[in-house]
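Asks: Below: sequence and its predicted model.
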Amino acid sequence: MESVAATLVESDPGSFVFAAAGEWLVATAAELDQRLRALQMPNDKRVTLDLAGIDRLDTAGAWLLLRTEHDLAAHGNTVEMRNLRSNFAPLLDQVRAGGMVVPARHPRPAHHTIVGFLARIGEISLGIFARAYSILGFFGAVCESAGALLLRPRRLRITALVAQLEQTGVNAVPIVGLLSFLIGVVIAYQGADQLRRFGAQVYTVNLLGVGILRELGVLMAAIIIAGRSGSAFTAQIGTMRVNEEIDALRTIGLDPLEVLVLPRLFGLVLTLPMLTLWADLVGLFGGCLMSWASLGITPPQFMQQLRDSLYPWTFWIGLIKAPTFAFIIALIGCYEGFQVARSAESVGRLTTLAVVEAIFLVIVADAGFSIFFSFLQI
Amino acid sequence: MLNNSSEPIIYVRGLVNRFGAETVHDGLDLEVRRGEVIGIVGGSGSGKSVLLRTIVGLNRPVEGKVEVFGRDVLRMSDRQRRQLENRWGVLFQDGALFSSLTVAQNIEVPIKEYYDMPLRLMDEISAVKVGMVGLPEEAGEKYPSQLSGGMRKRAGLARALALDPEIVFLDEPTAGLDPIAAGAFDELIRDLKTSLGLTVFMVTHDLDSLFAICDRVAVLVDKKVRVGTLEQLLRDNHPWIHSYFHGPRGRAAQASEAAVFNEPRALDATRV
């Protein structure tokens, strides 16, 4: 393997011979590179490159020869190549024809300085505003499109809508049910454990009722749907953008908002309340079982306590949030899908972003609802 | 670099590929010689790309034997496979560049994988490859999404050539290119073949490419291949082959080839 040689000797006064031998290949390039960089270059002399000893040559080797020739010439030497085997000549010409190239610089982030750091903070902040502005624009366009559809409801795409109901609703029933059941179990167990210290075990039921019906049922459903369907919206629409399918829709005269976004939006606005109802029921069922097991509260007692503890609108307060959350999730999912550039990589990046943004906005909206309801004193 | 030129560099015997009920290849035999450019043609769905994928090990055939460099590709350990894989390069249809890396970084992926090399030298070598495939110097810093289709193909070729392989597999290298770019690509392949001593396995639909650079052509018909020089295939009277080469497009390509070189391509008679 180490059968390479690159030596530079003074043959006569004023003239040097550079002798290259062995295998000048990509496999030996690192070794050769090191030796070549260690050479002491003469200045303003005659240098002959004697290449007779080169047994094998590939592009990397050819580049190193040309680089050496170039470096020697840059030191003011007169350079001449000699004794290259004829079958290597076309390769050398080919590499030479590619030009004495400057290595491409890899883009590296330039925020190692304080100024760079501040600039980056500024950039990101401006980016957030630009993004919010753009989402607002998309929101407007979707509302306009939805409004037009409401005026002419026959244009609603029933098949697409039903397909969305199935994918985002029916198919999500098992996972939403299972997770809500477990949440009910966990809350009942933790609540019972704490409340028992005051002898107020029975208030576990109140905790479950208010907690699940007002907040956790709808939040669990929304978060699962954001992960499950919001991401799917971005990926589906994004992939269609990569394949230029959106452009194809436009050229056929179809409005992508009407064809792609509205069925998803309406589908989710319809399914999330139903999933919330389902999550509420299963969550309470889980809590009921756990109360029975750990506190001995029988199901009839549980129902009685539940009825006594709830305001009439507790249930509706939870349910009323569901369409809003659904709107946010569908809007963000579709919006990010349309942001996909023509590369597969951006589909993945934006899908992640869509889920994070949707969950973030859902929780912000939930906080908003809490403030609003406390203002109304309900 | 060139040795035992008599022995086939790719040797396929009795290949059977089946997808569900559909048989794509049925007892296909093919030999590719060292240093030649072989063109693979056939109708849509005749299994050209499947053949390519089978030879490079991306598709496991139902039956048959595939040898590359005299080694059985289907029965080898992962280590042997790795040693083999740095001796060939593959250009996929749309370049298949890694979209999160720049062109230069794409070219450096195989180099990094197989050799321990200082960064600066690696940048130099990738820049050499960028120049060799005829891309402008600044293309190295760009991401694949910033390149045109033709440039992506050239960049893909540069990556396929990163380790100076002995064989390059090209999957429809000129599809989707304008005629000028396609012609330039043909020329590029021919130049690289002479200077690097490449063996080129090229799946193509492009009749001009076939006439311009292929030493031999393998036609996929009836789930097998018929291999021959263009002269032989032009005389073949299998209906598909006849209509392929003697259809209006085939005739036009022949005519332009004759006009350019002004002589019949009596190549390879010596090499056979």
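Replies: Yep, that arrived.
Asks: Write out the residues of the stretch 51-200 of chain B neighbouring chain A.
Replies: In this structure, the stretch 51-200 of chain B approaches chain A at residues B:99-100, B:102-105, B:111, B:115-118, B:120-121, B:123-132, B:137-138, B:140-141, B:143-145, B:161, B:163-164, B:191-192, B:194-197, judged by Cβ under 8 Å from any Cβ of the partner chain. The C-beta positions use only the backbone N, C-alpha and C, and glycine is treated the same way.
Asks: Sort out which of the residues you listed are in helices and list them.
Replies: B:103-105, B:111, B:120-121, B:123-132, B:191-192, B:194-196 (DSSP state H).
Asks: buried subset of those?
Replies: B:103-105, B:111, B:121, B:123-132, B:191-192, B:195-196 (16 or more other Cβ atoms under 10 Å in any protein chain shown).
Asks: give the contact list for residue A:15.
Replies: Remark: with contacts taken as Cβ atoms under 8 Å, 6 or more residues apart in numbering or on different chains, residue A:15 is in contact with A:45-48.
Asks: Most neighbours of all these, which one?
Replies: residue A:47 (23 neighbours; other Cβ atoms under 10 Å in any protein chain shown).
Asks: got the contact list for that one?
Replies: Shown in contact with residue A:47 (Cβ under 8 Å, 6+ apart): A:8, A:15-18, A:72, A:77-80.
Asks: closest to residue A:227 among these?
Replies: residue A:72 (62.6 Å; Cβ to Cβ).
Asks: Can you tell me the element the closest one falls in?
Replies: Per DSSP states H and E, residue A:72 falls inside helix A:59-74.
Asks: same question, residue B:16
Replies: strand B:8-19.
Asks: For that strand, buried residues please.
Replies: B:8-12, B:15, B:17.
Asks: and of the residues you listed, the nearest to chain A?
Replies: residue B:9 (17.1 Å; Cβ to the nearest Cβ).
Asks: and the residue nearest to residue B:210 when sequence neighbours are not counted, what are its bridge partners?
Replies: Computed as Cβ to Cβ, 6 or more residues apart in numbering or on different chains, the closest residue to residue B:210 that is not its neighbour in sequence is residue B:39, at 4.8 Å. With DSSP bridges as the criterion, residue B:39 is bridged to residue B:202, residue B:217.
Asks: List the contacts of residue B:39.
Replies: B:202-204, B:209-210, B:213-214, B:216-218.
Asks: Give me the distance from the strand holding residue B:16 to the chain's centre.
Replies: From the chain centre to the centre of strand B:8-19 is a distance of 16 Å (Cα atoms, centre = their mean, to the nearest Å).
Asks: Okay, buried residues for the helix or strand hosting residue A:370 please.
Replies: Using DSSP H and E, residue A:370 sits in helix A:344-376. Buried residues in helix A:344-376, counted by 16+ other Cβ under 10 Å: A:345-351, A:353-355, A:357-359, A:361-362, A:365-366, A:369.
Asks: which among those are in contact with chain B?
Replies: Within the buried residues of helix A:344-376, those near chain B by Cβ under 8 Å from any Cβ are residue A:345.
Asks: does residue A:52 sit in a helix, a strand or a coil?
Replies: strand (DSSP: H, G, I helix; E, B strand; the rest coil).
Asks: Touching, it and residue A:83? I think so.
Replies: Yes: contact between residue A:52 and residue A:83 holds when scored by Cβ atoms under 8 Å: they sit 3.7 Å apart.
Asks: Residue ranges in the chain under the pLDDT threshold?
Replies: Chain wasn't specified; assuming chain A. In the predicted model of chain A, residues A:1-3, A:99-111 satisfy pLDDT under 70.
Asks: try chain B instead
Replies: Ranges of chain B meeting pLDDT under 70: B:1-6, B:257-272.
Asks: Okay, helices next: where are they in it?
Replies: B:48-55, B:78-85, B:103-114, B:119-132, B:149-160, B:179-196, B:207-213, B:230-235, B:239-246, B:248-261.
Asks: Tell me what angle the longest one forms with helix A:59-74.
Replies: By that I understand helix B:179-196. 90 degrees (axes from the mean of the first three to the mean of the last three Cα atoms, to 10 degrees).
Asks: in terms of contact count, name the helices or strands touching helix B:179-196.
Replies: Secondary-structure packing of helix B:179-196 (3 or more Cβ pairs under 8 Å, 6 or more residues apart in numbering or on different chains; DSSP states H and E): helix A:89-97, strand B:37-42, helix B:149-160, strand B:199-203, helix B:207-213.
Asks: Name the surrounding residues that touch that helix.
Replies: Contacts for helix B:179-196 (Cβ under 8 Å, 6+ apart): A:58-59, A:90-91, A:93-94, B:35, B:37, B:132-134, B:150, B:153-154, B:157, B:161, B:164, B:170, B:173-174, B:177, B:198, B:200, B:202, B:206, B:208-209, B:212-213.
Asks: For it, what is the distance to the chain centroid?
Replies: Distance, stretch centre to chain centre, for helix B:179-196: 12 Å (Cα atoms, centre = their mean).
Asks: Ok, the first one next?
Replies: The chain centroid and the centroid of helix B:48-55 are separated by 11 Å under Cα atoms, centre = their mean.
Asks: Now that helix - C-alpha only, CSV.
Replies: The C-alpha trace of helix B:48-55 is given here as CSV (Å, rounded to 0.1, in the frame of the first residue of the first chain):
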residue,chain,number,x,y,z
LYS,B,48,-34.4,-2.3,-17.5
SER,B,49,-34.1,-0.6,-14.2
VAL,B,50,-34.9,-3.8,-12.4
LEU,B,51,-31.9,-5.4,-14.1
LEU,B,52,-29.7,-2.5,-13.0
ARG,B,53,-31.0,-2.7,-9.5
THR,B,54,-30.4,-6.4,-9.4
ILE,B,55,-26.8,-6.1,-10.5
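Asks: In stretch B:16-31, which residues are buried?
Replies: Of the residues in stretch B:16-31, those buried (16+ other Cβ under 10 Å) are B:17, B:24-26, B:28, B:30-31.
Asks: Out of the residues you listed, which is nearest to chain A?
Replies: residue B:31 (24.4 Å).
Asks: who are the neighbours in contact with the closest one?
Replies: By Cβ under 8 Å, 6+ apart, the contact list for residue B:31 reads B:8, B:10-12, B:227.
Asks: Any chance of those residues in CSV with distance to chain A as columns?
Replies: As requested, these are arranged in CSV below (distance: Cβ to the nearest Cβ, whole Å):
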residue, distance to chain A
B:8, 22
B:10, 21
B:11, 25
B:12, 27
B:227, 27
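Asks: Out of those residues, which two are the most distant from each other?
Replies: Taking Cβ to Cβ, no two of the contacts of residue B:31 sit farther apart than B:11 and B:227, at 12.6 Å.
Asks: For those two, list the residues in contact with both.
Replies: B:30-31.
Asks: Chain A - how does it break down into domains?
Replies: A:4-97, A:107-154, A:156-376 (automatic domain parsing).
Asks: most tightly surrounded among these?
Replies: When you average the neighbours per residue for each of those (mean count of other Cβ atoms under 10 Å in any protein chain shown), domain A:156-376 leads with a mean of 19.
Asks: Relative to residue A:350, how far out is residue A:165?
Replies: Distance, residue A:165 to residue A:350, using Cβ to Cβ, to the nearest Å: 25 Å.
Asks: Thanks a lot, catch you later.
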